[in-house]
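Novice: Model the structure of this input:
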Amino acid sequence: MSEARTPAQIEADIVRRRDRLAETLDEIGIRMHPKTIIGDAKARVASTVDQTAGRAFVAVNRTVSDVKARFTGEDGAPRLERVVPVALVAVALVGLLAVSTRKRKG
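Specialist: Just a heads-up that it's a prediction; the model follows:
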């Protein structure tokens, strides 16, 4: 059987429980405050945006490096066998756009 508690022990226990309850209610009040909820949501969104931007940066950087590697040699010099055909296609597209624009205006 348990030992009998004195009135002083019971009062001390009630005071401790009341204090813990007050702390818990304060914590709930802080967590449920609209500013806290909004701040938490903003932090989650900012974290997600940072992660997405970081992944996008890595992907773009990798793509640029891959394209650069295709058009330059190991020494950094342009690979003419790849640069010239692409340049000719670009010039042809610009020419076609110019001709098409003139036909619409005229």
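
Novice: so what's the backbone phi/psi at T36?
Specialist: Dihedral pair for T36: phi -70, psi -40, per degrees, to the nearest 10.

Novice: Look up the closest residue to it, ignoring the ones flanking it.
Specialist: Distance criterion CB to CB, 6 or more residues apart in numbering; nearest residue to T36, sequence neighbours excluded, is I30 at 5.9 Å. In this view, the C-beta of every residue, glycine as well, is placed from N, C-alpha and C.

Novice: show me where pLDDT drops low in this structure?
Specialist: 1-2, 106 (pLDDT under 70).

Novice: For it, which segments count as strands?
Specialist: Counting by DSSP state E, the chain forms no strands at all.

Novice: Tell me the buried residues in stretch 58-77?
Specialist: Buried residues in stretch 58-77, counted by 16 or more other CB atoms under 10 Å: none are found.

Novice: quick check, distance from it to the centre of its chain.
Specialist: Centroid separation between stretch 58-77 and its chain, computed with CA atoms, centre = their mean, to the nearest Å, is 25 Å.

Novice: Output stretch 69-85 as CSV, nothing but the C-alphas.
Specialist: C-alpha atoms of stretch 69-85 as CSV (Å, rounded to 0.1, in the frame of the first residue of the first chain):
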residue,chain,number,x,y,z
ALA,A,69,32.0,20.6,-73.0
ARG,A,70,30.4,19.7,-76.3
PHE,A,71,31.6,22.8,-78.0
THR,A,72,35.1,23.2,-76.5
GLY,A,73,38.0,20.8,-76.4
GLU,A,74,39.9,19.8,-73.3
ASP,A,75,42.3,22.7,-73.8
GLY,A,76,39.3,25.1,-73.9
ALA,A,77,39.6,25.9,-77.6
PRO,A,78,36.4,25.8,-79.6
ARG,A,79,35.6,22.6,-81.5
LEU,A,80,35.0,24.0,-85.0
GLU,A,81,33.4,20.8,-86.3
ARG,A,82,30.6,21.5,-83.8
VAL,A,83,30.5,25.3,-83.6
VAL,A,84,30.3,26.0,-87.3
PRO,A,85,27.2,23.9,-88.1
